[in-house]
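Visitor: got a structure for you, letters missing:
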C-alpha cells in the first residue's frame, strides 16, 4: 500500500486555532491543491504523531474532523484514505444537495442557515443498520413481531428512564414514559390529553411555533410570556396569574430557550416551580437539544426537581442519531395523563416502531450512542468556535450575539433596526437562505435570526457570514 512517507504540515503555536484544526485544514489544503489525490492512503495516526512531534490524540481529533466532514474515508483493516467524492461545491455554485433528507431544488439556495439541525453526515448510520439487521438474526425475534404496548417497547423505555435518571437528575421509571415518533408527536399527544377549548396556556414569545399550533388545535388560548437574558420573564407569568385567568399550563424551553438560546436562571427556575405548585398549572418542558453541551455539565431540567408537582418532560433521539429517525418521548409522573396518552396513541398509531427501538437500544447498550455523542460534541464545539470567530471578524460591527454553551445555533440581533425580510431576499439572491423572525413570533416580537451551524461546512459558514455582512453593510449605505 503506497503512503506518503512524510506529510509537511506547518503549525503555528501562536494561532488562536486549535492544533488539531490546523492539521485538518492543512490536509484539506493538500487535497484541494491536488498534492493528496483521491484514494491516497494517509500515514497512520502514530506515524503522523511522530513526524509532527505531537500527542497521538491530537492527530486522532484532526482525522475525526476530516472523516466527519467527508474529506477522508476509513476502510476497515486498511487505513484512512482521501475520499473519492469530496465535499467541494461545483464552481457554478448550483447544487442539488440533501439537507437532512430534504432535497434542495437547483438554483434556489446552496447554503441554508437552519434553526439548528444536526449534521447527518456524522450520524452512526452503519452502526444503526447493523443493529437493525441483528434484530432479524435473533432466535426469539418472532416473539417481538406482534403488537406491543402503545407506550413503546418496555426495554427501550427502561433505558430512556435510566438515561434520564443518571444524566438529567430525574427520578422516573418506564411507567412514566411514552415513546413517540419525534418530539412534535409528544407535544401533540400532551396537548390533546391535557387541554380543552377555553383553557389558557402560557408560551415563551419568541418561541417554538409548531408547539403553539399543537396547543391551539385543542381550542386552548395562548398567552405570550416575554424572554430576556435570563430566560422567560417571571413577572409576566405573575401578572397573568393575578389577572384571574385559569392557567392550565406553561410551555417552556429552559435549558436553551428556543430561539434565543438563553438559559433560564436559577432564581427564575425556583420561582417558576413555586408558582406552578401554588397555582396548579403544569410545566411542559421541551428539552430539545440537551445532549449537545460543550461546558462542564448541562443544566438539569426543571422536571428533575423533586419539589415540582406537575410536569411533562419532552425529549428526542432524532438529533442524537439522525433527523430521519423519528423517536421522541414524553415523561410525566401524572399517571392519569399517561393513561390518556396511551389511549390516544392507540387510536393514532397502535404502537411505535419496536424494531427500530430495539436497534437504538442496542446502540445504547453497546456504548455506540455514548461514543457518538462524545465525538459529535467535539465536532460541533469546533464548528461553534469557528462560527464565533467568523461573527467576531465580519459581523461584530452590525449585530449582537452571545455564544451558548451548547446546541447547534446562535441567536443574533441587529444593533440597528433592519428589515430581516429584505435581508433574507437579498441573501436568497446569493443562494443563501435564512429563517426570518416571523417563524418565531406572530406579532414581530422576535428581533433576530437563528443561525444554525451544525449542518454546514466551514466553507459554507464563511461564505454565508461574509454574504450577511455584505448585505447588512449595503443596507446602511
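Guide: Looks like it came in fine. Just so we're clear, the structure is a prediction, and the values are computed from it rather than from any experiment.

Visitor: count of neighbours near residue 243?
Guide: A count of nearby residues for residue 243, using other C-beta atoms under 10 Å, gives 10. Any C-beta I mention is one placed from the backbone N, CA and C, and that applies to glycine too.

Visitor: I'd like the distance between it and residue 275.
Guide: Counting by C-beta to C-beta, to the nearest Å, the gap from residue 243 to residue 275 is 14 Å.

Visitor: now the longest helix along the chain: how far from the chain's centre is it?
Guide: Across the chain, the longest stretch assigned as helix under DSSP state H is helix 368-390. Going by C-alpha atoms, centre = their mean, to the nearest Å, the spacing between the C-alpha centre of helix 368-390 and its chain's C-alpha centre is 11 Å.

Visitor: give the buried residues for it.
Guide: Judged by neighbour count (16 or more other C-beta atoms under 10 Å), helix 368-390 contains these buried residues: 368-369, 372, 375-376, 378-387, 390.

Visitor: am I right that residue 36 is in a strand?
Guide: No. Remark: residue 36 does not belong to a strand; assigned using DSSP: H, G, I helix; E, B strand; the rest coil, it is coil.

Visitor: residues contacting the closest residue in space to residue 320 that isn't next to it in sequence?
Guide: Spatial nearest neighbour of residue 320, chain neighbours left out: residue 291 (5.4 Å); criterion: C-beta to C-beta, 6 or more residues apart in numbering. Contact partners of residue 291, counting by C-beta atoms under 8 Å, 6 or more residues apart in numbering, are 319, 320, 373, 376, 377.

Visitor: got it, and residue 165?
Guide: With contact taken as C-beta under 8 Å, 6+ apart, residue 165 is in contact with 171, 172.

Visitor: after the helix or strand hosting it comes which helix or strand?
Guide: Following DSSP states H and E, one finds residue 165 within helix 154-167. Counting by DSSP H and E, the next helix or strand C-terminal to helix 154-167 is strand 177-180.

Visitor: give me the residues contacting that next one.
Guide: Under the criterion C-beta under 8 Å, 6+ apart, external residues in contact with strand 177-180 comprise 150-153, 156-157, 160-161, 186, 189, 327-331, 338, 341-342, 345, 352, 357.

Visitor: isn't residue 286 up against residue 184?
Guide: No. Contact between residue 286 and residue 184 fails when scored by C-beta atoms under 8 Å: they sit 10.0 Å apart.

Visitor: who's more crowded, the two?
Guide: When neighbours are counted by other C-beta under 10 Å, residue 286 and residue 184 differ, and residue 286 comes out ahead with 25 against 19.

Visitor: check the more buried one and give its pLDDT.
Guide: What the model reports for residue 286 is a pLDDT of 97.

Visitor: next, it: phi, psi?
Guide: Recorded main-chain torsions at residue 286 are phi -100, psi 110, according to degrees, to the nearest 10.

Visitor: ok, it to residue 292 distance?
Guide: Shown here: residue 286 relative to residue 292, a distance of 15 Å by C-beta to C-beta.

Visitor: then residue 34?
Guide: Counting by C-beta to C-beta, the gap from residue 34 to residue 292 is 36 Å.

Visitor: which of these two has more neighbours?
Guide: Remark: of residue 34 and residue 292, residue 292 carries more neighbours, 24 against 8, as counted by other C-beta under 10 Å.

Visitor: isn't that one right up against residue 319?
Guide: Yes. Look at residue 292 against residue 319 with C-beta under 8 Å: they come within range, at 7.4 Å.

Visitor: can you check which residues contact both of the two?
Guide: Each of 118, 408 lies in contact with both residue 292 and residue 319 under the rule C-beta under 8 Å, 6+ apart.

Visitor: got the confidence number for residue 139?
Guide: In this prediction, residue 139 carries a pLDDT score of 51.

Visitor: where does the prediction get shaky in the stretch 201-350 of the chain?
Guide: Per-residue confidence for the stretch 201-350 of the chain (pLDDT under 70) gives these ranges: 296-297, 322-324.

Visitor: quickly find the element holding residue 325.
Guide: In this assignment (DSSP H and E), residue 325 forms part of neither any helix nor any strand.

Visitor: next, count neighbours for it.
Guide: Here the count is done by other C-beta under 10 Å, and residue 325 has 21 residues near it.

Visitor: shift numbering so it begins at 31
Guide: Right, with 31 as the first residue, what we last looked at is residue 355.

Visitor: which SS class is the residue nearest to residue 350?
Guide: Classification of residue 321 using three-state DSSP returns coil.

Visitor: could you check how far it is from residue 400?
Guide: Here the distance between residue 321 and residue 400 works out to 10 Å (C-beta to C-beta).

Visitor: for residue 359, phi and psi?
Guide: Dihedral pair for residue 359: phi -160, psi 150, per degrees, to the nearest 10.

Visitor: do a quick rundown of the helices in the chain.
Guide: Listed in chain order, the helices found in the chain under DSSP H are 49-63, 75-82, 86-99, 155-165, 184-197, 213-224, 239-246, 264-272, 296-309, 365-378, 384-395, 398-420, 450-459, 488-506.
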